[in-house]
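**Q** I'll drop the sequence and a predicted model, then ask my questions.
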Amino acid sequence: MLKLEKRPQPSQTWIYLAPVVAVIATMIAGGALFAALGKDPLVAIRTIFWDPLFSEFAFFYRPQLLVKGAPLVLIAIGLSLGFRAGIWNIGAEGQYIVGALTGAGVGLAFYPLEGWFIFPLMVLGGALGGWAWAMIPAVLRVKFGTNEILVSLMLVYVAEQLLASMSLGLMKNPQGFGFPGSRNLQQYPSAHNAELIAGSGMHWGVVAALIAVVFAYVLLTRHILGFHIRLTGEAPRAARFAGVNPGRLVLICLGLAGAMAGLAGLFEVSGPAGRVSIDFNVGYGFTAIIVAFLGRLHPLGIALAGLLMALTYIGGEIAQSRLGLPAAAIQMFQGMLLFFLLAVDLMTNYRLRLTKREVA
Amino acid sequence: MDLSSINPVLLLASLMVAATPLLLAAVGELVVEKAGVLNLGVEGMMITGAICGFAIAVNTGDPLLGVLAAAGGGAVLALLFALLTQLALANQVASGLGLTLFGLGLSALIGQGYQGVRPPSFPRLNIPGLSDMPVLGRILFSHDLMVYLGLLIVTAVWFMLKYTRAGLILRAVGENHEAAHALGYKVKRIRIMAILFGGACAGMGGAYISLIRVPQWTEGMTAGIGWIALALVVFASWKPWRVLLGAYLFGGVTVIQLNLQAAGVAIPVEYLAMSPYLITILVLVIMSADKSRAPASLGRVFHASR
């Protein structure tokens, strides 16, 4: 009879092996799903994972990897800090929207003035917007002990309504012939988050994501705050004895996550998306949760996981146009990945032992 | 603005309809949390139930079969959660989030061919005498069967938790799983059954939205009701009767908000649409003062080492 036995230490092998096993298992289960939908599973898997990188049109898709990966990594890094400490901010989508709104708002307020200082101010506005939105659940948790999971999630729906209201009202393009949506920031040079190297997909958001990865790595491995975050997650009681102030940690973790999500929103609205519109958000804030777990809440892992998830987005779009694979199938595929990861993670903390059945 | 266009009788009647999906999902989650498991996947199970019920009802032409299918669909998804958290001992918060993301994708996939289709209509209760009563008949006695099924489930859950041995065991597992295990109760088996029940209830709640309340299928149509149901359990301090009260309160907010939109109040539609979520936050803040009622083992992983 198989029996689970808790490992004294998490297995180092399985920490690294689990994401790989999960990806392979997802490919197999996903292939079965695609086969059930009447598509050739091998072709579908190749279209999603291989074609964006190595097919003859790959030069067109490769830049997209950075464009789609950057917001995911940026948001996931912020989330991972909180997740490590047992602080569950799942409202990154809302913080992303509000960051985009405040950042774009700063830019639109200066229109049509040109100046070098406008874009930095927008970046600041975006970060502050996301930070402020995340401060709502943080302050409520610290002051009243309110569950931050539910509050941060409720605020996503509020932010979505706010986005609709803004793109239909306050931020609507006065020269837009009555169509909803703001001015296009891509046509406003001072506010445009343009590609830094043409054709590479590299924009300021990618730079910010890279900085975030390094920042989080240094924070977690070299700084006392990072130590407190890890300690609180792994041994809350010990953390309290060590003098960690849990309230302060909540404010910092949620604040950082919010600011990073807000930045991601700002870079998206001023770059690839271009304008504030009703359907501006596409669920990066939720996918980033999967990215954070797939990357083992480790900054470098998150960078890799973000690229992988960006790949499934791009490959999913290709599969959509070429194979007629529904968009929802990719969403489900991503959900499956998280499931398999959580299941395989059992092996990290437990080992299977074959035991004889004892007589009671 | 024309507030006189709002008919209080119809308002109260639609309040009961608006509250039912919340009531079903929340009472299911209440049982799950009483057993010490925090399943954040209510939204995913609801939307899966919504499309399963819708698809079966459209294909068979029988809405009652649809409701059954919805309960089944929700339970199957809940089984995934049960496997992850009870057998693979995964983190409940992460698994619940995964369940919601997965459910949203799955439902969108199943629901592709069903947009714009009208489901068969649900039979309404019509008791001669009672249903014909002025005012009360319209408010209380002329709804579809699901409204009463919801009330019945709440009553049954309350009775089971309070007066039966099974309820006592369930609560014991939720309060202290180690002690329950030491007494010889099968902690995991009990929790898995509770999770399945919660999934079936959430699925039926979802089907109520797609089959009766709206009634049609659109992607992501549950729009956070599953999350509000989770908040409702906290609001109710894990007591079935207060779930009922809370569901009617939230149903009331939704209905009044919709009526104000229709009456053309000077507040923009988007801000009115925010109100249920904002009120949920407000209620959570008020209720978070009292933490004593939460089951003591809520969200903790159980692994019998001996």
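**A** That came in fine, so what should we check first?

**Q** tell me the residues of the stretch 1-150 of chain A that contact chain B?
**A** Residues of the stretch 1-150 of chain A found near chain B (C-beta under 8 Å from any C-beta of the partner chain) are A:4, A:6, A:88, A:90, A:136, A:140, A:144, A:145, A:146, A:147, A:149, A:150. (Glycine included, C-beta is placed from N, CA and C.)

**Q** give me phi/psi at residue A:242?
**A** phi -80, psi 0 (degrees, to the nearest 10).

**Q** could you find the closest non-adjacent residue to it?
**A** Distances taken as C-beta to C-beta, 6 or more residues apart in numbering or on different chains place residue A:231 nearest to residue A:242, at 6.4 Å, with adjacent residues excluded.

**Q** which helices and strands sit right next to the helix or strand harbouring that neighbour?
**A** Using DSSP states H and E, the element containing residue A:231 is helix A:224-234. Counting contacts by 3 or more C-beta pairs under 8 Å, 6 or more residues apart in numbering or on different chains; DSSP states H and E, helix A:224-234 packs against helix A:58-84, helix A:204-222, helix A:236-241, helix A:246-270.

**Q** got the contact list for whatever helix or strand comes next after the last one?
**A** It stands for helix A:246-270. For helix A:246-270, the succeeding helix or strand toward the C-terminus, using DSSP H and E, is helix A:284-294. The contact list for helix A:284-294, computed with C-beta atoms under 8 Å, 6 or more residues apart in numbering or on different chains, reads A:19, A:22, A:71-73, A:75-77, A:79-80, A:83, A:90-96, A:156, A:261, A:264, A:268, A:301-302, A:305-306, A:308-309, A:334-335, A:337-338, A:341-342, B:94, B:97-98, B:101.

**Q** what's the angle from the helix or strand that comes right after helix A:284-294 to helix A:58-84?
**A** Going down the chain from helix A:284-294, the next helix or strand is helix A:299-323, by DSSP H and E. For helix A:299-323 against helix A:58-84, the angle by axes from the mean of the first three to the mean of the last three C-alpha atoms, to 10 degrees is 140 degrees.

**Q** now the closest residue to residue B:170 other than its chain neighbours: phi and psi?
**A** The shortest distance from residue B:170 to any non-neighbouring residue, by C-beta to C-beta, 6+ apart, is to residue B:35 (5.4 Å). Here is the backbone geometry of residue B:35 (degrees, to the nearest 10): phi -80, psi 0.

**Q** please apply the same query to residue A:271.
**A** phi -120, psi -100.

**Q** got a list of what the residue nearest to residue A:242 touches?
**A** A:238, A:239, A:242, A:244 are the contacts of residue A:231 under C-beta under 8 Å, 6+ apart.

**Q** and it, how close does it get to chain B?
**A** 18 Å (C-beta to the nearest C-beta, to the nearest Å).

**Q** run a quick neighbour tally on residue B:68.
**A** 19 (other C-beta atoms under 10 Å in any protein chain shown).

**Q** list the buried residues of the helix or strand where it lies.
**A** For residue B:68, the host element (DSSP H and E) is helix B:63-82. For helix B:63-82, a neighbour-count test (16 or more other C-beta atoms under 10 Å in any protein chain shown) marks B:63-64, B:66-78, B:80-82 as buried.

**Q** how far is that helix from where the chain is centred?
**A** 13 Å (C-alpha atoms, centre = their mean, to the nearest Å).

**Q** near chain A, list only the ones from the buried residues of helix B:63-82.
**A** residue B:80.

**Q** OK, now which residue of the stretch 151-300 of chain B is nearest to chain A?
**A** residue B:270 (3.7 Å; C-beta to the nearest C-beta).

**Q** surely that residue meets residue A:158?
**A** No - using C-beta atoms under 8 Å, residue B:270 is not in contact with residue A:158; the gap is 9.6 Å.

**Q** so between the two, which is more surrounded?
**A** Set residue B:270 next to residue A:158 and count neighbours by other C-beta under 10 Å: residue A:158 wins out with 26 against 17.

**Q** and the more buried one, which helix or strand is it part of?
**A** Going by DSSP H and E, residue A:158 is part of helix A:148-168.

**Q** for chain A, what are the nearby residues on the stretch 51-200 of chain B?
**A** Checking the stretch 51-200 of chain B against chain A by C-beta under 8 Å from any C-beta, the hits are B:80, B:83-84, B:88-91, B:93-95, B:97-98, B:101-109, B:111-112.

**Q** can you tell me how far the spatially most central residue of chain A sits from residue B:263?
**A** For chain A, the residue nearest the mean C-alpha position is residue A:288 (2.3 Å; C-alpha atoms, centre = their mean). Shown here: residue A:288 relative to residue B:263, a distance of 40 Å by C-beta to C-beta, to the nearest Å.

**Q** please identify the deepest-packed of the helices and strands packed on helix A:224-234.
**A** helix A:246-270 (a mean of 27; mean count of other C-beta atoms under 10 Å in any protein chain shown).
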